[in-house]
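Enquirer: Sequence and predicted structure, then a few things I'm wondering about:
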Amino acid sequence: MQHIVNEDVVRPSSEDTPPFLPVTKLIRGSHTVRNMFPRRTVPDEFNPVTVDFKRLSDLPLLWYGVPYDGQKILKYALRRGYGKKSHPKDPGPHPLSTWHNFLEKYKERYGMDVGLRKVWGCDRHVFAFYSNRDMAVLDVRHHDWAMSTIAAMGFDADKDAKWWVDIHEQC
C-alpha cells in the first residue's frame with residue numbers, strides 16, 4: 001500500500017510563512033517515539049506542516065486510525081453498498097471481495113488510501129486512514145471524512161481513534 005504523498009513535497013516560500021520547527025533528532029532503538037504513542041493528537045514535531053524537513057522520511061511514520069474490528073468494518077461496507085460477490089453464482093457478498101472493493105471505492109471517493117497497518121501499542125492491526133506524512137497534502141475535509149467514517153462504523157471516535165507508531169519505526 002502506498003502513501004498518499006511522495007518525497008517531493010514543495011513548500012511555499014514566503015515571508016508570511018511561520019518559521020518551521022527543526023526535525024527532531026531521534027536515536028534509533030531508543031523507543032522515545034514509541035513511548036509517546038498511541039495518543040489522540042499528533043505532536044507538532046511529527047507534523048510535516050510544522051517541521052522543516054528535507055524528506056518526508058525524516059519524520060517517524062505515524063498512522064491515524066482505529067483498532068481493527070472486522071465485523072464493524074464489514075457491516076459498514078455492506079451498508080454503504082460496497083458488498084461484492086467473488087463469483088456471480090454466490091448467494092451473497094464475499095468478505096474478501098467486499099473488503100477489496102471497499103478499499104478501492106473509499107480511495108476513489110475520499111482520496112485516502114485506507115487499510116490495515118501494523119503498529120506499536122496495539123495487539124492487532126489498526127485500520128488506518130492516513131499517516132502523518134500524508135498531512136502535507138491532506139486538509140480538514142479528509143480528517144472530517146475519516147471521523148465520520150469512524151463514527152458510522154460504530155467506533156467511539158473520542159476513545160478509539162488515535163495516532164499510532166508504524167511497527168517498522170525503531171525510535
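Expert: Arrived safely. The structure displayed is predicted, hence computed values, not measured ones.

Enquirer: isn't Val51 right next to Val42, touching?
Expert: No - using C-beta atoms under 8 Å, Val51 makes no contact with Val42, being 10.8 Å away. C-betas here are computed from N, CA, C, even on glycine.

Enquirer: name the helices or strands packed onto whichever strand or helix holds His143?
Expert: With elements taken from DSSP states H and E, the one containing His143 is helix 140-152. Secondary-structure packing of helix 140-152 (3 or more C-beta pairs under 8 Å, 6 or more residues apart in numbering; DSSP states H and E): helix 70-79, helix 95-110, strand 126-131, helix 157-160.

Enquirer: Could you give the separation of the last one from the chain centroid?
Expert: Put plainly, it is helix 157-160. With C-alpha atoms, centre = their mean, to the nearest Å as the basis, helix 157-160 stands 15 Å off its chain's centre.

Enquirer: helices and strands around the helix or strand just after it, which ones?
Expert: Using DSSP H and E, the helix or strand that follows helix 157-160 in sequence is strand 162-165. Taking 3+ C-beta pairs under 8 Å, 6+ apart as contact, the helices and strands that strand 162-165 lies on are helix 32-36, strand 62-67.

Enquirer: Throw those into a markdown table and include mean pLDDT, thanks.
Expert: Listed next are the helices and strands packed on strand 162-165 as a markdown table, based on pLDDT from 0 to 100:
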| stretch | mean pLDDT |
| --- | --- |
| helix 32-36 | 86 |
| strand 62-67 | 98 |
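
Enquirer: most neighbours per residue, which of these?
Expert: Sort the helices and strands packed on strand 162-165 by mean neighbour count, taking mean count of other C-beta atoms under 10 Å, and strand 62-67 sits at the top with a mean of 25.

Enquirer: Adjacent strands (with direction) for that one?
Expert: Counting by DSSP bridges, the strands paired with strand 62-67 are strand 126-131 (antiparallel), strand 162-165 (antiparallel).

Enquirer: possible to save the ones you listed as JSON lines with mean pLDDT, mean neighbour count and distance to Glu104?
Expert: As requested, those are exported to JSON lines (pLDDT from 0 to 100; neighbours: other C-beta atoms under 10 Å; distance: least, C-beta to C-beta, whole Å):
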{"stretch": "strand 126-131", "mean pLDDT": "97", "mean neighbour count": "25", "distance to Glu104": "15"}
{"stretch": "strand 162-165", "mean pLDDT": "97", "mean neighbour count": "23", "distance to Glu104": "24"}
